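Novice: sequence and predicted model, in that order:
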Amino acid sequence: MKTSTWIEFATLPLLAGFALGSSVLMGGDDAEKMLDSFKPAQLAATLPTPEPIQSVGSHPGRNVASRMQPWGLLTTDAQEAWRISEGSRKIVVAVIDTGADVDHPDLKDNIWINPGESGRDDLGRDKASNGIDDDGNGFVDDVHGWNFVFDNENVDDHHGHGTHIAGIIGATGAQTLTGVAPHVSLMILKYFDPQKTQQNPLEATVRAIHYAIENGAQVINYSGGGIAPSAPEYAALKEASEKGILVVAAAGNEHTNSDVQKYFPADYDLPNILSVTAINSHAKVLATSNYGAGTVDLAAPGEEITSTMPGGGYGQMTGTSQATAFATGVAVLLKSLHPEMSPEQIVEHLVVTGETSQTLVGKTKARSVLNAYRSLAISSTSESVSGVTHSEDDDRFVLKTVNEPRAN
């Protein structure tokens, strides 16, 4: 019988205090192949191969999630939200991560295409591979983004984390699995690669943020971080704020109270940052996840989340990285309806329209669990749901007693 391999990505030693806090369950041959590139990772155990992914859910034309993980989309009411909006490919999300499988059947249609590096040049050559910086942005053939580790256009994922995050945000459902925002453009910005021994993820991250700002991203999804603040990183994120770019950041995976021990970039005091922690299906913060009543904005599904993996595969990961991707997906849905909303308004709206859970007392600012449907339904003065309504007094979303909240 084939086995699957449980690989703890949280043990992967990164530089400058940065870490990726997810673990993954992969099946058989794919796991063995990827282990070759995970030299720093530690093998923890072997488990039986999970059953093949099966489609569930009733939304027409959508493959939702596997039998291993329907709960993330169900908890956030994503299927109901899709009746209002499935997102838009006009919304560009910069995924600052380990790259992505841009040819994955459930991702390829949502991978960002740089308009300045697509089509034919004056000599009839494909701009994506002609070796010329056609759009003059300082990057040659950056058709899908950029690799800031090796400083080239190859954004292949040799780790798995970035492909997994991309799938949660925006898998199309063309083959097997649908992400939170089935219509989106995913700009792939690679800041870490386990195949390179000497690298500076923090420096790569700052460069990636600047790329996102300069090349049209409206949302930045970033799952890395560390306990030490960085002046260049702060400056880049402040510029993103000034340009109206939302930054969705992982709260971290140190099981630490962020009110006491900060985690960056999630805890920079900037209005465009949404800090997200991870919960299980009982709305309890994971044992590994950071929390903080004064620092963490929102909680979202983060335990045993099934998503896309390199090589056209699928696997489960756990961590605040996955929760962050859920929040990014909902932000895309919201922004597709209301492109005029500022990052600060989006942060507040997602927090206030989430479902309140007593399990989050002392864990997040408003005890709020991400809810895609409520976020979209409560977007005008004429609509309300489960105790939340919109107030025109100061253009803020406020809690009011309208209906009994749905049971958690």
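Specialist: Received the coordinates, thanks. Residues are numbered from 1 along each chain as shown.
Novice: only C-alpha atoms from now on, for both contacts and neighbour counts.
Specialist: Fine.
Novice: flag the shaky bits of the stretch 151-300 of the chain, pLDDT-wise.
Specialist: In the prediction, the stretch 151-300 of the chain carries no residues with pLDDT under 70.
Novice: now do the same contact list for the nearest residue to residue 284 once chain neighbours are set aside.
Specialist: Closest residue in space to residue 284, ignoring its immediate chain neighbours: residue 359 at 5.8 Å, by Cα to Cα, 6 or more residues apart in numbering. Contact analysis of residue 359 by Cα atoms under 8 Å, 6 or more residues apart in numbering lists 283-285, 367.
Novice: just the helices in this structure please.
Specialist: Using DSSP state H, the helices of the chain run over residues 28-35, 71-75, 78-82, 161-170, 201-214, 231-242, 320-337, 343-352, 372-377.
Novice: pLDDT averaged over the first one - what is it?
Specialist: Confidence over helix 28-35, taken as the mean pLDDT, stands at 40.
Novice: residue at max distance from the center of this structure?
Specialist: residue 123 (38.7 Å; Cα atoms, centre = their mean).
Novice: state the distance from that one to residue 273.
Specialist: Per Cα to Cα, to the nearest Å, residue 123 is found 44 Å from residue 273.
Novice: please apply the same query to residue 166.
Specialist: Residue 166 is 19 Å from residue 273, where distance means Cα to Cα.
Novice: more neighbours: which of these two?
Specialist: It is residue 166, of residue 166 and residue 273, that has more neighbours when counted by other Cα atoms under 10 Å, with 34 against 26.
Novice: roughly how far apart are that one and residue 200?
Specialist: On the measure of Cα to Cα, residue 166 and residue 200 end up 22 Å apart.
Novice: kindly report the same for residue 323.
Specialist: Residue 323 is 25 Å from residue 200, where distance means Cα to Cα.
Novice: residue contacts, residue 172?
Specialist: Residue 172 touches 106-107, 109-110, 178-179, 182-183, counting by Cα under 8 Å, 6+ apart.
Novice: quick check: bridge partners of it?
Specialist: Note on residue 172: beta-bridge partners by DSSP bridges are residue 178.
Novice: if we can go back for a sec, just curious, which of the contacts of residue 359 is nearest to residue 296?
Specialist: Ranked by distance to residue 296 (Cα to Cα), the contacts of residue 359 are led by residue 367 at 9.6 Å.
Novice: contacting residues around that closest one?
Specialist: Counting by Cα under 8 Å, 6+ apart, residue 367 touches 298-299, 355-361.
Novice: those residues in strands, which ones?
Specialist: Of the contacts of residue 367, the ones assigned to strands by DSSP state E are 298-299, 355-356.
Novice: neighbour-wise, which of the residues you listed leads?
Specialist: residue 299 (36 neighbours).
Novice: ok, residue 323 and residue 200, which is more surrounded?
Specialist: More crowded of residue 323 and residue 200, by other Cα under 10 Å: residue 323, with 32 against 16.
Novice: surely that one meets residue 301?
Specialist: Yes: if you go by Cα atoms under 8 Å, residue 323 and residue 301 touch, sitting 5.1 Å apart.
Novice: name the residues contacting each of the two.
Specialist: Jointly contacting residue 323 and residue 301 under the rule Cα under 8 Å, 6+ apart are 278-279.
Novice: neighbouring strands of the longest strand along the chain in the sheet, and parallel or not?
Specialist: For the chain, the strand that runs over the most residues, judged by DSSP E, is strand 87-97. According to DSSP bridges, strand 87-97 has the following sheet partners: strand 183-190 (parallel), strand 219-222 (parallel).
Novice: in JSON lines: those, plus distance to residue 341 and mean neighbour count.
Specialist: Output for those, formatted as JSON lines (distance: least, Cα to Cα, whole Å; neighbours: other Cα atoms under 10 Å):
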{"stretch": "strand 183-190", "distance to residue 341": "17", "mean neighbour count": "30"}
{"stretch": "strand 219-222", "distance to residue 341": "12", "mean neighbour count": "26"}
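Novice: which one of these lies nearest to residue 314?
Specialist: Nearest of the strands paired with strand 87-97 (Cα to Cα): strand 183-190, 18.2 Å.
Novice: what's the closest non-adjacent residue to residue 281?
Specialist: Closest residue in space to residue 281, ignoring its immediate chain neighbours: residue 71 at 6.6 Å, by Cα to Cα, 6+ apart.
Novice: pretty sure that neighbour is touching residue 282, no?
Specialist: No: in this structure, residue 71 is not within contact of residue 282 by Cα under 8 Å, at 10.1 Å.
Novice: okay, these two: which has more neighbours?
Specialist: Using other Cα under 10 Å as the criterion, residue 71 and residue 282 rank with residue 71 on top: 19 against 11.
Novice: do you know how far that one is from residue 301?
Specialist: For residue 71, the distance to residue 301 equals 8 Å [Cα to Cα].
Novice: who touches both of those two?
Specialist: residue 281.
Novice: what would the helices of the chain look like in a markdown table with distance to residue 259?
Specialist: Listed next are the helices of the chain as a markdown table, based on distance: least, Cα to Cα, whole Å:
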| stretch | distance to residue 259 |
| --- | --- |
| helix 28-35 | 37 |
| helix 71-75 | 27 |
| helix 78-82 | 30 |
| helix 161-170 | 26 |
| helix 201-214 | 23 |
| helix 231-242 | 19 |
| helix 320-337 | 17 |
| helix 343-352 | 18 |
| helix 372-377 | 27 |
